[in-house]
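Colleague: here is my input; please provide its structure:
(2 chains, ligands or ions: 1)
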Amino acid sequence: MAVQVADQPVAEGEPEQQAFKPDLERIEIELLLEGIFRHYGFDFRAYAYASIRRRLWKRIEEEGLGNISALQERVLHEPEMMEKLLLDLSINVTAMFRDPSFYVTFREHVIPLLRTYPFIRIWHAGCSTGEEVYSMAILLREEGLYDRSRIYATDINEVVLQRAKAGIFPLERMQEYTDNYIRAGGKQSFSEYYTAKYGGALFDQSLTKNVVFSQHNLVTDRSFSEFNVILCRNVLIYFDKTLQSKVHGLFYDSLPMFGVLVLGSKETLRFMAHEDCYEQIAPPEKIFRKVK
Amino acid sequence: MKELLGSLPKKFPIPIVVVQHRGKDSEKLLAQLLQDATDLKVCDIEDKDVLCAGTVHLAPANYHVLIDSAYLSLSVEEPVRFSRPSIDVTFASAGDAYGSAAIGVVLTGANDDGARGLAHIVKRGGRALVQDPKTAEIPIMPKAAIELVPTAEVVPLKKLARRLIELSKEDAKVKAGRRTRV
Ligand SMILES: C[S@@+](CC[C@H](N)C(=O)[O-])C[C@H]1O[C@@H](n2cnc3c(N)ncnc32)[C@H](O)[C@@H]1O
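Modeller: I've put the predicted structure just below:
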């Protein structure tokens, strides 16, 4: 029963013959991210390291490359490789009515607030393929607020925005979404919102009548307006703390007094410079209101 | 799991990360259950939580947990081999972040998640402990781990806590990430 064997053969990963040098790998990763930023303008330099590393290796393995430096050569010289990598790095997993309890709380505590406004502006930052946006549109319609709302849905990734615009989601997920919808306090029958078409579930196009989809990078772009509600769920988890804090500055600047900020269910404002500027409306849901 | 955590002292110096497959909605219950059984502090992980001695950091349902040197990052990327949280993902990041200071512990479980990650920890110079399958409620997971990592130390459930305490004394200087799994 030995322990501490350093070179156990392993299924995946780097070539076995070279000893792993974490510091050298970090240099390689930093150089690659610097190169991507300077050449393509995408700034991943302050993303959470372990996740970035994992995604880079995923690409390296799929391309049959040996190390980060080899990937760097390909990425810098082949725009198609950058496109693939962009998809790897922007993790686009999402769902309709994800965390149903959030939607219940939103209906209970935020909708009454929104009712008092003549015009409602909502920003979904990091909306991915749009499932969350359609969920919000459905909720607003059921609350009778859709017609006076405008939703801005942004993401760093053009490809997912195109999918969001199309509004066709996999049929095989409709059962799960129906369950979520019901638990989220949905008031109709979920199947009224889509028809089976083009091999998927095509959502009611009038749901996007008041939605503007556009590319926006939270790291490098500025605030572009003021909003009553900003939702940024499961996006900041991919950033390191310093970058999170910076993006919170952007959100803060984009909210009026009593504006609402929504984070993912496992995210907090703890240790952020703006922590004290918000109060949590209905814990444990991550719905915050700007109070100073 | 309860038995192992229950036998560790309040001052256990190595932060513990627990990755357990669980239903999407079994949130609070598990933390409470474990808290009732141990002197260590049990908390559900939130993004960028700092690893603390004397603490059991519990992976939330539906998120992967990655170890980023001193803190924990969450991810919603696709399930890995049908699991989210995936033990392999957390183990691999522990190996990368802590090298020889990482200890991976595989406990009872119903699939082979954890084996690959454990191999990665060993590859990075860390330690592998596996609950003796004979003492496991469901032996599939420890068996798979032993098969892939034959050098792993196989320890009966009752002796796991003692072994971990020994190890924590051995490398008292190094702060190890350690994750278990029931
Ligand atoms: C996991 S998805 C979250 C989707 C949705 N908000 C949800 O919670 O289901 C993360 C999204 O953040 C986007 N993203 C990552 N970095 C970004 C950045 N710098 N600016 C804008 N969006 C970004 C990704 O492209 C991806 O679509």
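
Colleague: how many neighbouring residues does B:Glu3 have?
Modeller: When neighbours are defined as other CB atoms under 10 Å in any protein chain shown, B:Glu3 has 15 of them. Bear in mind the C-beta positions are built from the backbone N, C-alpha and C, glycine included.

Colleague: so which elements touch the helix or strand containing it?
Modeller: Using DSSP states H and E, B:Glu3 falls within helix B:2-6. Packing partners of helix B:2-6 (3 or more CB pairs under 8 Å, 6 or more residues apart in numbering or on different chains; DSSP states H and E): helix B:27-37, helix B:157-170.

Colleague: immediately after it, which helix or strand?
Modeller: Per DSSP H and E, the first helix or strand lying C-terminal to helix B:2-6 is strand B:16-18.

Colleague: per-residue pLDDT of A:Ala11, please?
Modeller: If you check A:Ala11, the pLDDT there is 41.

Colleague: with A:Glu16 instead?
Modeller: Note for A:Glu16: predicted pLDDT of 48.

Colleague: so which bits of the stretch 51-200 of chain A are right by chain B?
Modeller: Within the stretch 51-200 of chain A, the positions adjacent to chain B are A:51, A:53-54, A:91, A:93-94 by CB under 8 Å from any CB of the partner chain.

Colleague: so can I have a markdown table of the residues you listed showing pLDDT, secondary structure and neighbour count?
Modeller: Putting these into a markdown table (pLDDT from 0 to 100; DSSP: H, G, I helix; E, B strand; the rest coil; neighbours: other CB atoms under 10 Å in any protein chain shown) gives the following:
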| residue | pLDDT | secondary structure | neighbour count |
| --- | --- | --- | --- |
| A:Ser51 | 96 | helix | 23 |
| A:Arg53 | 96 | helix | 22 |
| A:Arg54 | 96 | helix | 20 |
| A:Ile91 | 95 | coil | 20 |
| A:Val93 | 96 | coil | 15 |
| A:Thr94 | 97 | coil | 21 |
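
Colleague: so A:Gly186 makes contact with A:Glu142?
Modeller: Yes - between A:Gly186 and A:Glu142 there is a contact at 7.2 Å, judged by CB atoms under 8 Å.

Colleague: more neighbours, those two?
Modeller: In this view A:Gly186 and A:Glu142 are compared by other CB under 10 Å, and A:Gly186 has more residues nearby, 21 against 15.

Colleague: tell me the secondary structure for the more buried one?
Modeller: Three-state assignment for A:Gly186 (DSSP: H, G, I helix; E, B strand; the rest coil): coil.

Colleague: and it, what does it touch?
Modeller: A:97, A:138, A:142 (CB atoms under 8 Å, 6 or more residues apart in numbering or on different chains).

Colleague: gap between the first one and A:Glu176?
Modeller: A:Phe97 sits 9 Å away from A:Glu176 when distances are taken as CB to CB, to the nearest Å.

Colleague: more crowded one of these two?
Modeller: Higher neighbour count among A:Phe97 and A:Glu176: A:Phe97, with 26 against 14, using other CB under 10 Å.

Colleague: any part of the longest helix anywhere in chain A near the ligand?
Modeller: The longest helix of chain A (DSSP state H) is helix A:22-40. No - applying CB under 6 Å from any ligand atom, one finds helix A:22-40 out of contact with the ligand, separated by at least 11.7 Å.

Colleague: go through that helix and flag the buried ones.
Modeller: Within helix A:22-40, the residues that count as buried by 16 or more other CB atoms under 10 Å in any protein chain shown are A:25, A:28-29, A:32-33, A:36.

Colleague: just give me the closest of the residues you listed to chain B.
Modeller: When the buried residues of helix A:22-40 are compared for distance to chain B (CB to the nearest CB), A:Glu25 wins out at 8.5 Å.

Colleague: tell me if I'm right that the closest one and A:Ile68 touch.
Modeller: Yes - with contact defined as CB under 8 Å, A:Glu25 reaches A:Ile68; the gap is 6.4 Å.

Colleague: quick check, A:Phe288 in a strand?
Modeller: Yes - counting by three-state DSSP, A:Phe288 is located in a strand.

Colleague: neighbours of it, just the number please.
Modeller: Counted with other CB under 10 Å, the neighbours of A:Phe288 add up to 23.

Colleague: and it, what are its bridge partners?
Modeller: A:Leu261, A:Gln280 (DSSP bridges).
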